[in-house]
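>>> Build the 3D model from these lines:
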Amino acid sequence: MNGGKTTGSRTVGLLVVLGSVATGIAATASTWANLGTCGHDPTGECSSLVRTLSFRVGVVAGIATVLMLLLVAGLNRMVVLDERRRAIERHPGPAE
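Modelled structure (predicted):
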């Protein structure tokens, strides 16, 4: 391991995977929850509309998941850098 740091490509890959998983779960749950609302649908238009809208809900959920993960990562980095700055200010180097 490289000290707990991940490379940029690995982070992007992880975000894509987690966003895709969130998209799949949200789209599947939305489809299952709403297919019963179509009733008798001989042409399949209602079912097609439900699947399309469920996919859109899933995409929005996936994007929201990625944005929230980026927000958490940014806040974590901000805290770590702030702690480093405070530690340096408390214990100045030998130059002073």
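>>> Identify all contacting residues around stretch 39-48.
By CB atoms under 8 Å, 6 or more residues apart in numbering, the residues outside stretch 39-48 that reach it are 35, 37-38. Heads up, the C-betas are built off the backbone N, CA and C, glycines and all.
>>> With neighbour count, secondary structure and distance to Arg84 as added columns, please give the residues you listed in a markdown table.
Shown next, in a markdown table, are those (neighbours: other CB atoms under 10 Å; DSSP: H, G, I helix; E, B strand; the rest coil; distance: CB to CB, whole Å):
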| residue | neighbour count | secondary structure | distance to Arg84 |
| --- | --- | --- | --- |
| Leu35 | 14 | helix | 53 |
| Thr37 | 10 | helix | 54 |
| Cys38 | 14 | helix | 57 |
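>>> May I ask which of the residues you listed comes out lowest in pLDDT?
pLDDT across the contacts of stretch 39-48 is lowest for Leu35, at 78.
>>> so that one touches Val50, yeah?
Yes. Between Leu35 and Val50 there is a contact at 5.8 Å, judged by CB atoms under 8 Å.
>>> what about His40, is that helix, strand or coil?
What DSSP: H, G, I helix; E, B strand; the rest coil gives for His40 is coil.
>>> all helices for the protein, in order.
Assigned by DSSP state H, the helices in the chain fall at 8-34, 45-90.
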